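Novice: just to be clear, the model below is a prediction. Sequence and coordinates:
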Amino acid sequence: MDMLNKINSPADLRKLPRTELQPLAGELRAFVLDSVSKTGGHLSSNLGTVELTIALHYVFNTPADRIVWDVGHQTYPHKILTGRRERMSSLRQFNGISGFPRRDESEYDTFGTAHSSTSISAALGMALAAKTKGESRHAIAVIGDGAMTAGMAFEALNNAGVYDDINLLVILNDNDMSISPPVGALNRYLARLMSGKFYAAARNVGKTMLPAPMLELAKRLEEHAKGMIMPATMFEEFGFNYIGPIDGHDLESLVPTLQNLKNLKGPQFLHVVTKKGQGYKLAEADPVLYHGPGKFNPAEGIKPAKAGKLTYTQVFGDWLCDQAAADKRLIGITPAMREGSGMVQFEQRFPDRYYDVGIAEQHAVTFAAGLACEGLKPVVAIYSTFLQRGYDQLIHDVALQNLDVTFALDRAGLVGADGATHAGNYDLAFLRCIPNMVVMAAADENECRQMLSTAFQYNGPAAVRYPRGAGIGVTVQQDLQVLPLGKGEIRRAGKGIAILAFGTMLAPALAAAEALNATVANMRFVKPLDAELVRQLAETHEALVTVEEGALMGGAGSAVAEALAEAGIVKPILHLGLPDKFIDHGDAVQLLAMCGLDAAGIEASILQRFGKGEPRLVVNN
Ligand SMILES: Cc1ncc(C[n+]2csc(CCOP(=O)(O)OP(=O)(O)O)c2C)c(N)n1
Ligand SMILES: CC(=O)[C@@H](O)[C@H](O)COP(=O)(O)O
Ligand SMILES: [Mg+2]
């Protein structure tokens, strides 16, 4: 790592002669592989952006010129070159650096990201701000072919294409992959652009200065192409000057092309072609497996996971197949998260009823609404955090028309290493205020399956939330039994304190209750809330405690407080849940404990608020 160790900022990089960039890329790629294999993180995408990152920081005057990375899961080479090489060993760990760009982490991280398809909008904002302020600098959005499928990217292109006097460059990093294989008509279109790539390069000759080797090639091909009609690319129709495709691993193409583009005014569009996993054979062969691995030995590759407890994702995947076998009306929908949402088997078994709609959460929800209008029963499998994208569609297109759509919300609550951007902390608060919605939180794997069946059988919009990772290890019954709607259950009878637990908080609540001899209710439904059970518990206990793995404000605890107020009951009540602040990356178990949401934390909070001993006369406010 002789060269890489001397690069502490892009300024150091810019001192290198061009001939040294290729060997530097070799060192950088080796560093990324070694580092991710020790920490876990996103690998395939980062191996693919090594040369592009070097070229961008080499040609542009960063941080004055702004690079906006889309999603940001491909920014490890960028982090390494911008002074964070040493901190890569702390990646995605508590108090360590983030796996995504963050403005508070580095001045080179111009825009915080992790949800996709925001880069062109943000870079356009920066480009127009520069113009407004009379500053001469460039804004560059780097967006993947997967992220490009989102409507937001096209909204931004549409907006940007009319400004002839801005310094905006959009780089499409086309590796022909999303997390899983790419889908849809855009992918077909990009493939067509690729197949006519020399042709496209030829037609760019007149508009831009190409590097000498390409110019030579283009000239020859232009001869060849004489007489043929050359349609404009879609990106040109949007008002961009389209260049490419060029090889995104070839610094001899990348650097001069970027240098040329830097001198052109107006919206520029550069199409680069890269390979996910480039340079590490195992990742090249299976970029899906190496998209976001845990720790592994690079010499051996990722070993098959040992059979352990079922994850909630697996519970969902199994249920989906069983329910689909039982009901032909079931349609499974994923916005580009086939593996993460547990739909690999479903796609194999029911290919005609499987839809990966691309990174298009808004469309996924309204598409489901359309299917439901025609009597089908769509199941939208979506991470809690990504449903935020489809909120208006959920209200306006699904709930308002009381359509029969099931939402399977994976990654509810804290997710760990991905941090605040991916935390599913808000769904209870943002779903329970929507009329017609049924909202359930699963306490264990078996209940998760029962809730999914309940949501599916319910003739209207219903959501089931469950967390990332393994459950508590209970046996999952293989039937498709439904739960009584809006009914909770007492799981432990105690005295004095009643803990009303929602979802994953049932297990720690039961553990905390042992020392306190408290009653514990598994509330199951956040909406409709079991108001009768709340009333009974209030009447038979001195104080109530609500506990949920979700934002306290407006969440399940708030629902209980509202029910008490509605019934005219005044009772000491303690609400436990996630605080009103963003919680950074780290180990999910550790983070929950930090928020006081493990058994010890729940017990301590109750003791602190209501004191020891029975009857609890002390109520500390
Ligand atoms: C709004 C949103 N939906 C889904 C995701 C999950 N996600 C992260 S990366 C990714 C694939 C992105 O593909 P692409 O932009 O082509 O980048 P590549 O992984 O190929 O480098 C997806 C679906 C996300 N981050 N944001
Ligand atoms: C970048 C991104 O959004 C995904 O790759 C995400 O990191 C996946 O998270 P899971 O590992 O929870 O599926
Ligand atoms: Mg891609």
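Specialist: The structure has been received and is ready for your questions. Ligands and ions are numbered 1, 2, ... in the order given.
Novice: residues of this protein that sit close to ligand 1?
Specialist: By the rule Cβ under 6 Å from any ligand atom, the part of the chain lying against ligand 1 is 45, 71, 73-74, 114-116, 144-147, 175, 177-179, 276, 336-337, 359, 361, 386, 389. (Glycine included, C-beta is placed from N, CA and C.)
Novice: just checking, which of these belong to helices?
Specialist: Of the residues of the chain next to ligand 1, the ones assigned to helices by DSSP state H are 45, 361, 386.
Novice: re earlier: in strands only, show me the residues of the chain next to ligand 1.
Specialist: Among the residues of the chain next to ligand 1, the members found in strands (DSSP state E) are residue 144.
Novice: ok, now how distant is whatever residue of the stretch 501-621 of the chain ends up closest to ligand 3 from residue 529?
Specialist: Of all residues in the stretch 501-621 of the chain, the one sitting closest to ligand 3 is residue 585 (23.1 Å; Cβ to the ion). Going from residue 585 to residue 529 by Cβ to Cβ, to the nearest Å gives 32 Å.
Novice: same thing with residue 430?
Specialist: Distance, residue 430 to residue 529, by Cβ to Cβ: 16 Å.
Novice: what do you get for residue 118?
Specialist: Distance, residue 118 to residue 529, by Cβ to Cβ: 35 Å.
Novice: and the pLDDT at residue 1?
Specialist: According to the prediction, residue 1 has pLDDT 83.
Novice: swap in residue 395?
Specialist: Reading off the model, residue 395 has pLDDT 98.
Novice: surely it is in a strand?
Specialist: No: looking at residue 395 with DSSP: H, G, I helix; E, B strand; the rest coil, it is helix, so not inside a strand.
Novice: just checking, it touches residue 434?
Specialist: Yes: assessed by Cβ atoms under 8 Å, residue 395 is found in contact with residue 434 at 5.6 Å.
Novice: against which helices or strands is the helix or strand harbouring residue 499 packed?
Specialist: Assigned by DSSP states H and E, residue 499 belongs to strand 497-501. Strand 497-501 is packed against helix 506-516, strand 519-522, helix 531-540, strand 543-551, helix 599-610, with contacts defined by 3 or more Cβ pairs under 8 Å, 6 or more residues apart in numbering; DSSP states H and E.
Novice: okay, buried residues for the longest one please.
Specialist: So the one you mean is helix 599-610. Buried residues in helix 599-610, defined by neighbour count with 16 or more other Cβ atoms under 10 Å: 599, 601, 602, 603, 605, 606, 607, 609, 610.
Novice: what's across from residue 69 in the sheet?
Specialist: Beta bridges link residue 69 to residue 142, judged by DSSP bridges.
Novice: need the contact list for it.
Specialist: Residues in contact with residue 69, defined by Cβ atoms under 8 Å, 6 or more residues apart in numbering, are 75, 78, 101, 111, 113, 119, 142.
Novice: what about the closest residue to ligand 2 within the chain, distance to residue 469?
Specialist: Using Cβ to the nearest ligand atom, residue 340 is the residue of the chain that sits closest to ligand 2, at 3.5 Å. Separation of residue 340 from residue 469 (Cβ to Cβ) stands at 12 Å.
Novice: can you pull the contacts of whatever residue of the chain ends up closest to ligand 3?
Specialist: Closest residue of the chain to ligand 3, Cβ to the ion: residue 144 (3.8 Å). Residue 144 makes contact with 45, 70, 71, 74, 116, 172, 173, 174, 175, 178, according to Cβ under 8 Å, 6+ apart.
Novice: and the closest residue to residue 393 other than its chain neighbours, what helix or strand is that in?
Specialist: Leaving aside its sequence neighbours, residue 393 sits nearest to residue 365 (Cβ to Cβ, 6 or more residues apart in numbering; 3.8 Å). Assigning secondary structure by DSSP H and E places residue 365 in helix 361-373.
Novice: quick one, grab the pLDDT at the nearest residue to residue 529 once chain neighbours are set aside.
Specialist: The spatially closest residue to residue 529, leaving aside those adjacent along the chain, is residue 559, at 4.9 Å (Cβ to Cβ, 6+ apart). Per-residue pLDDT puts residue 559 at 98.
Novice: ok, residue 559 to residue 192 distance?
Specialist: Noted for residue 559: a distance of 52 Å to residue 192, by Cβ to Cβ.
Novice: cool, and residue 86?
Specialist: Distance from residue 86 to residue 192, by Cβ to Cβ: 44 Å.
Novice: quick one, which of residue 585 and residue 529 is more surrounded?
Specialist: Looking at residue 585 and residue 529 with other Cβ atoms under 10 Å, you find the greater number of neighbours at residue 585, namely 26 against 22.
Novice: which residues touch that one?
Specialist: 92, 93, 94, 96, 98, 99, 416, 417, 418, 419, 420.
Novice: for those residues, which PyMOL command selects only the ones that are buried?
Specialist: Command for PyMOL that selects the buried part of the contacts of residue 585, burial taken from 16+ other Cβ under 10 Å:
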select buried, resi 92+93+96+98+99+416+417+418+419+420
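Novice: out of the contacts of residue 585, which touch ligand 2?
Specialist: Under the cut-off given by Cβ under 6 Å from any ligand atom, ligand 2 has residue 418 from those close to it.
Novice: which of the contacts of residue 585 lies closest to residue 372?
Specialist: Closest to residue 372 out of the contacts of residue 585 is residue 418 (30.8 Å), distances taken as Cβ to Cβ.
Novice: the closest one contacts residue 91, correct?
Specialist: No: taking contacts as Cβ under 8 Å, residue 418 lies outside contact range of residue 91: 11.5 Å.
Novice: circling back to that earlier point, please report how far the residue of the chain closest to ligand 3 lies from residue 294.
Specialist: 22 Å.
Novice: sounds good, over and out.
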